[in-house]
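>>> the sequence and its predicted three-dimensional model are supplied below.
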Amino acid sequence: MAASAAVLSSASVASADANDLALNRLTFFDGAAPGSAQPEWQFRGGCGTRMDPAGYPRCNADNTLFANVVNELAGALTPALLAPASTVGYNRTYIAYEHSITNINNSATGLGYWSRGTEGAAPAAVQNTGTERFRTRVPDVLFVSRLHMRHGLPYGFELGVQGSWLHDSSLVAMGADIKWSIWEGFRPRGVGWIPDFAVRGSVNTLVGNQQLYLTIVGIDALLSKNLAVAGAFNITPYVGGQALLVFGDSTVIDGTPRRSGYQECTRRRTVFTTDPMTGQVSSSLVCDAGSGTPTGADGDSFNDVVFNPVRLLRTRAFGGLRAKYGVFTFTAEFIMDVMAPSWITGSCGGSGSVPSYCVAGRPTDANSFTRDQVRIDPNFRQYSINLGMGVTF
């Protein structure tokens, strides 16, 4: 495990790769003319830096875009199963290189969360600068490489550890899984035709990322049947279902990385004000030194945003085939959503007022303070093709 962590962590040395996160661009702002009481919400980027029309308008977290990026990124980083219901055997170890190909909704009409929420490869594949920057070319799929080790334990249990790396990024995830092949080793004589049945739990978490905390929990149930072919050669088809729980939280995101709140206000002091009518005392920070906030703009500290937490439930089905010859194992697997993602806390599909357990998204239209609930495209189904090659000893 230490070796896999070292290999995968080396991918994080490089920065600003095409698929690295750029959550500061997932924002919107009030683009109405200064002094106007009617909002004109803008979703194209540019908060905190645009002079026209609103004069450095304050950044707001676009929770709809954030939730969609988290949902699809979680699908790509989910630990693959790539194994039948049977274990590798008591006190035996399996080590494999695995590769996943996962589709993403890169053409999300009117949202473009992948084009805005990831860096892109400069200069040919991006346009604009700052918070208005976006990718002009987004791939159809994401590639993830993984090192996976599993070890057989008594009573049909199997414990695994793994490390994953998203290609063209510095995103690295580490995880563990445990599988119980329920009647392995206890099958009565004469009923060997009964398929193996197992349940598995897995957890994978993004490590070392400064913008996102992402944890993915999987609960699987599967059936398989081992078929011997010509002595040493075995093939094992398997099918099953998976419940996937996605927990995504952002750190504090600087919506305007090209501005410096410290340079604009290098020294601050607290000013206390007493309301003459009520006697209530309030406080505010006043700058005593610095380059000064741009004319007509809020202080840059107002452009720090935190996205609302994402808590999603996804239901998926999978099928695969393992081929084994001697110590060598080759496995192919296909997994796909069978239902649209839903909130763990309950249904959040409507518009208008947002229940307390739902995540508030963007304004319902360009001229409204009312927030819609976060939308995840119900017609998009994410899938992964998983391939594995390993040895058992």
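Received, thanks.

>>> ok now the lengthiest helix in the chain, how far from the chain's centre?
Criterion DSSP state H: the longest helix present in the chain is helix 63-77. Distance, stretch centre to chain centre, for helix 63-77: 5 Å (C-alpha atoms, centre = their mean, to the nearest Å).

>>> distance from the chain centre to whichever helix or strand comes after it, please.
Using DSSP states H and E, the helix or strand that follows helix 63-77 towards the C-terminus is strand 93-103. Relative to the centre of its chain, strand 93-103 is centred 19 Å away, using C-alpha atoms, centre = their mean.

>>> who does strand 93-103 touch, helix- and strand-wise?
Packing partners of strand 93-103 (3 or more C-beta pairs under 8 Å, 6 or more residues apart in numbering; DSSP states H and E): helix 63-77, strand 141-152, strand 328-337, strand 383-392. C-beta coordinates here come from the backbone N, C-alpha and C atoms, glycine included.

>>> would you turn those into JSON lines with mean pLDDT and distance to residue 254?
What follows is those, written out as JSON lines (pLDDT from 0 to 100; distance: least, C-beta to C-beta, whole Å):
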{"stretch": "helix 63-77", "mean pLDDT": "95", "distance to residue 254": "15"}
{"stretch": "strand 141-152", "mean pLDDT": "97", "distance to residue 254": "26"}
{"stretch": "strand 328-337", "mean pLDDT": "97", "distance to residue 254": "33"}
{"stretch": "strand 383-392", "mean pLDDT": "97", "distance to residue 254": "33"}
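
>>> okay if I get the ones you listed as CSV plus mean neighbour count and distance to residue 308?
Compiled in CSV, these are given as follows (neighbours: other C-beta atoms under 10 Å; distance: least, C-beta to C-beta, whole Å):
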stretch, mean neighbour count, distance to residue 308
helix 63-77, 25, 5
strand 141-152, 20, 24
strand 328-337, 18, 23
strand 383-392, 18, 27
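
>>> ok so, going back, and the angle from the longest helix of the chain to strand 141-152?
50 degrees (axes from the mean of the first three to the mean of the last three C-alpha atoms, to 10 degrees).

>>> other SSEs contacting helix 63-77?
strand 93-103, helix 113-117, strand 141-152, strand 157-166, strand 212-224, strand 233-250, strand 310-325, strand 360-363.

>>> partners of the fifth one, with directions?
The sheet places strand 212-224 alongside strand 196-207 (antiparallel), strand 233-250 (antiparallel), with pairing taken from DSSP bridges.

>>> ok, then the element right after that strand?
Of the helices and strands lying after strand 212-224 in sequence (DSSP H and E), the nearest is strand 227-229.

>>> which outside residues touch that next one?
234, 235, 236, 237 (C-beta atoms under 8 Å, 6 or more residues apart in numbering).

>>> hmm, residue 86 and the third one touching each other?
Yes: between residue 236 and residue 86 a contact is recorded at 7.3 Å, counting by C-beta atoms under 8 Å.

>>> report the set of residues contacting both of those two.
By the contact definition C-beta under 8 Å, 6+ apart, residue 236 and residue 86 are jointly contacted by 224, 226.

>>> returning to what we had before: dump the longest helix of the chain to CSV, restricted to CA.
Extracted C-alpha coordinates of helix 63-77, given in CSV (Å, rounded to 0.1, in the frame of the first residue of the first chain):
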residue,chain,number,x,y,z
ASN,A,63,-24.3,25.2,-5.9
THR,A,64,-26.0,23.7,-9.0
LEU,A,65,-22.7,23.6,-10.9
PHE,A,66,-20.8,22.4,-7.9
ALA,A,67,-23.2,19.5,-7.2
ASN,A,68,-23.0,18.3,-10.8
VAL,A,69,-19.2,18.3,-10.9
VAL,A,70,-19.0,16.4,-7.5
ASN,A,71,-21.6,13.9,-8.7
GLU,A,72,-19.7,13.0,-11.9
LEU,A,73,-16.3,13.2,-10.4
ALA,A,74,-17.4,10.7,-7.8
GLY,A,75,-18.6,8.3,-10.5
ALA,A,76,-15.2,8.4,-12.1
LEU,A,77,-13.3,7.8,-8.8
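
>>> now the angle from that helix to strand 93-103?
If you take the same axes, to 10 degrees, helix 63-77 sits at 140 degrees to strand 93-103.

>>> follow-up on the earlier one: mean pLDDT, distance to residue 145 and mean neighbour count added to the strands paired with strand 212-224, as JSON lines?
Converted to JSON lines, the strands paired with strand 212-224 look like this (pLDDT from 0 to 100; distance: least, C-beta to C-beta, whole Å; neighbours: other C-beta atoms under 10 Å):
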{"stretch": "strand 196-207", "mean pLDDT": "96", "distance to residue 145": "14", "mean neighbour count": "19"}
{"stretch": "strand 233-250", "mean pLDDT": "96", "distance to residue 145": "20", "mean neighbour count": "18"}
